[in-house]
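S.K.: Generate coordinates for the sequence data below:
(one chain, ligands or ions: 2)
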Amino acid sequence: MQYRLTHPVNDAYPLWLVLGICEVWFAISWLLDQFPKWSPINRETYLDRLALRYDREGEPSQLVPIDVFVSTVDPMKDPPLITANTVLSILAVDDPVDKVSCYVSDDGSAMLTFEALSETAEFARKWVPFCKKFNIEPQAPEFYFAQMIDYLKDKIQPSFVKERRAMKVFLGHTGGLDTDGNELPHLVYVSREKHPGFQHHKKAGAMNALIRVSAVLTNGAYLLNVDCDHYFNNSKALKEAMCFFMDPVLRKKTCYVQFPQRFDGIDLHDRYANRNIVFFDINLKGLDGLQGPMYVGTGCCFNRQALYGYDPSLTEADLEPNIIVKSCCGSQKKGRSGNKKYISRGQQKELNLLPQFSIWKTLKRVWKVCPYSLENCSLLSGTYWFSFDLFYWIEWIYGSVTEDILTGFKMHARGWVSIYCMPPRPAFKGSAPINLSDRLNQVLRWALGSVEILLSRHCPLWYGYNGKLKLLERLAYINTIVYPITSLPLLAYCILPAICLLTGKFIVPEISNYAGMWFTLLFLSIFSTGILELRWSGVSIEDWWRNEQFWVIGGTSALLFAVFQGLLKVLAGIDTNFTVTSKAYD
Ligand SMILES: O=c1ccn([C@@H]2O[C@H](COP(=O)(O)OP(=O)(O)O[C@H]3O[C@H](CO)[C@@H](O)[C@H](O)[C@H]3O)[C@@H](O)[C@H]2O)c(=O)[nH]1
Ligand SMILES: [Mn+2]
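M.R.: Ligands and ions are numbered 1, 2, ... in the order given. Predicted coordinates for the structure are as follows:
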């Protein structure tokens, strides 16, 4: 680069300038990409130890309750059957029934989805005991029956074959059958009332509506959020998350546990780089060694407190062992209240919260009077309750179509850490776009979301300099926010050779030995970091290559549009819409 800058090509000055700028940008973006991979880590969980501590045989379980949120919007693009599978896999999860509740948000307010869900609840009465009895995995029926395995292997109970067949028949059946008398986790259907002209904030709005509803109904200390197509592929997923949240040290500072996104039904060679394996197996693992992975929108278990906008309950200093020993004389909060320095914004909010408690009670009372009004839902999601601004501190951050990045970023900026959890059996599996236009639309939406954040108040370039966000973590966020801009130099790079050919001007100057040596060294170092990366992450070279290929394809198309559309939004105030990806289903 220095060579390029100090050796202007005089007969093609504009070309040289453009090239120089491009190269500077590429160098910056490469650095941004490299630094956050400084200390990748792997974590292992020991579910047996968790069970030993909190879930002993014959004693009431001490695991904490979790509310699971599922979001769906368009019954055509998110087929209700897919949602139903996800819901069944949640209801059958390997946790005590009173510790799990499932909330479905239907942004399409579709009768079809609603009917499908009530059928699902009916079917769950049969399906859940079946799963628990025979340890079925995955617990989503569609995917369980689709897997080509010898289902008799390891299953010794004689009744299994018979019951399995019965299940299969029942799957194709509609209509209520009698219950087994088994208790099932709660299933709640929520659909928001949507006024024309009223900003309902897409998925972030849906999630925040669910937070409010669940706060009144079950108020689980933790909540897990999945897209409608991401079913539980591992019935122990909640316990995996609990391993971190119930860890004496980690639980105080962990805002969420993110699981990698894994997909079903991707073509053999993964033509559109759908698996995003480089992101999930390299970038996020790298972040896990810093302040934790970003929130990627699905398969993520949150600490409710962190979502409510509180600061972590302990500062770094409090986490030092001697202080923890001392704390047994009184609660941490009391100890801190004397010291003004330690009163955080979160605690101030807590104070503000107190007078509003009566409104909470009112809400609860209304709830008791007409518990079924959830069906017509105007009660909770109507603008009436919204306008109270009762829940103003609740945090699925609005203002971007990639609400996920923003939400996670604000938590990290407050000093929370997040955890990346990759159990050997993938915790969740979803469906990926099946055609190029859907895939490009998805890339476009993500990039657009990034541009929106870049041009907003919450941009990691200037937001949250209070020392809580680690520098490398910030670099990683900056990288995910500015990457769409790379499309401009990329396009220039693609076009320049053609211009050179057409105009007959040559911009590659002769290379001296000295510069050549630098160039070779640089090339070798990039090459070796690449190899190193593939070694520690276990990503195959083929996957990596796909990723590079798709980077160029997306970079010269979707990302470019995203940059312009993003600018348009900010300058002209045109709102961006959320193009839902069609879920592959056959
Ligand atoms: O107004 C809306 C729009 C979307 N959704 C839900 O958002 C989810 C994601 O939509 P999808 O079309 O599947 O997008 P993907 O690109 O596959 O989703 C990824 O990217 C999104 C951000 O762009 C994240 O929200 C998702 O969690 C993440 O999986 C689905 O469950 C939808 O039901 C809503 O609830 N309300
Ligand atoms: Mn999806």
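
S.K.: can we go C-alpha only for contacts and neighbour counts from here?
M.R.: Noted.

S.K.: ok, whatever residue of the stretch 401-550 of the chain ends up closest to ligand 1 - how many residues close by?
M.R.: As assessed by C-alpha to the nearest ligand atom, ligand 1 sits closest to residue 402 within the stretch 401-550 of the chain, at 4.2 Å. For residue 402, the count of nearby residues is 24 (other C-alpha atoms under 10 Å).

S.K.: Next: residue 188.
M.R.: Residue 188 has 20 nearby residues by other C-alpha under 10 Å.

S.K.: likewise residue 33?
M.R.: By other C-alpha under 10 Å, 17 other residues sit near residue 33.

S.K.: when you give positions from now on, start the count at 2
M.R.: From this message on, residue numbering opens at 2, which makes the last subject residue 34.

S.K.: Mind telling me what element it is part of?
M.R.: Per DSSP states H and E, residue 34 falls inside helix 14-35.

S.K.: Against which helices or strands is that helix packed?
M.R.: Other elements packing on helix 14-35 under the criterion 3 or more C-alpha pairs under 8 Å, 6 or more residues apart in numbering; DSSP states H and E are helix 472-483, helix 488-504.

S.K.: hmm, 7 Å instead?
M.R.: In terms of contacts (3 or more C-alpha pairs under 7 Å, 6 or more residues apart in numbering; DSSP states H and E), helix 14-35 is packed against helix 472-483.

S.K.: For the helix it packs on, name the packing helices and strands.
M.R.: When contacts are defined as 3+ C-alpha pairs under 7 Å, 6+ apart, helix 472-483 sits against helix 14-35, helix 437-455.

S.K.: now what about whichever helix or strand comes after the longest one, what contacts it?
M.R.: Using DSSP H and E, the helix or strand that follows helix 14-35 in sequence is helix 48-55. Counting contacts by C-alpha atoms under 7 Å, 6 or more residues apart in numbering, the residues outside helix 48-55 that touch it are 62-64, 240-241, 244.

S.K.: Determine the three-state secondary structure at residue 226.
M.R.: At residue 226 the chain is in strand, as set by DSSP: H, G, I helix; E, B strand; the rest coil.

S.K.: So what sits opposite it in the bridge?
M.R.: On the basis of DSSP bridges, residue 226 is bridged to residue 70, residue 301.

S.K.: what residues are up against it?
M.R.: By C-alpha under 7 Å, 6+ apart, the residues touching residue 226 are 69-71, 299-302.

S.K.: Just the CA coordinates for the helix holding residue 34, please, in CSV.
M.R.: The C-alpha coordinates for helix 14-35 follow below in CSV (Å, rounded to 0.1, in the frame of the first residue of the first chain):
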residue,chain,number,x,y,z
TYR,A,14,-3.8,9.7,-12.1
PRO,A,15,-7.6,9.3,-11.4
LEU,A,16,-7.4,5.5,-11.8
TRP,A,17,-4.4,5.4,-9.4
LEU,A,18,-6.2,7.6,-6.9
VAL,A,19,-9.3,5.3,-6.9
LEU,A,20,-7.2,2.3,-6.6
GLY,A,21,-5.3,3.8,-3.7
ILE,A,22,-8.4,4.6,-1.8
CYS,A,23,-9.8,1.2,-2.4
GLU,A,24,-6.7,-0.4,-1.1
VAL,A,25,-6.6,1.7,2.0
TRP,A,26,-10.2,0.7,2.8
PHE,A,27,-9.4,-3.0,2.1
ALA,A,28,-6.5,-2.8,4.5
ILE,A,29,-8.6,-1.2,7.2
SER,A,30,-11.4,-3.7,6.8
TRP,A,31,-8.9,-6.6,6.8
LEU,A,32,-7.5,-5.4,10.1
LEU,A,33,-11.0,-4.9,11.5
ASP,A,34,-11.7,-8.5,10.6
GLN,A,35,-8.5,-9.9,12.1
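
S.K.: hang on, residue 230 in a helix?
M.R.: No. Residue 230: not assigned to a helix; according to three-state DSSP it is coil.

S.K.: can you count the residues close to it?
M.R.: 28.

S.K.: Next one: it from residue 581, what distance?
M.R.: 12 Å (C-alpha to C-alpha, to the nearest Å).

S.K.: Residue 47 too?
M.R.: Residue 47 is 37 Å from residue 581, where distance means C-alpha to C-alpha.

S.K.: Distance check, the closest residue to residue 185 other than its chain neighbours against residue 130.
M.R.: Leaving aside its sequence neighbours, residue 185 sits nearest to residue 98 (C-alpha to C-alpha, 6 or more residues apart in numbering; 5.9 Å). In this view, residue 98 and residue 130 are 12 Å apart by C-alpha to C-alpha.

S.K.: And residue 34, by the same measure?
M.R.: Taken as C-alpha to C-alpha, the span from residue 34 to residue 130 is 47 Å.

S.K.: same check, this time on residue 421
M.R.: According to C-alpha to C-alpha, residue 421 and residue 130 sit 31 Å apart.
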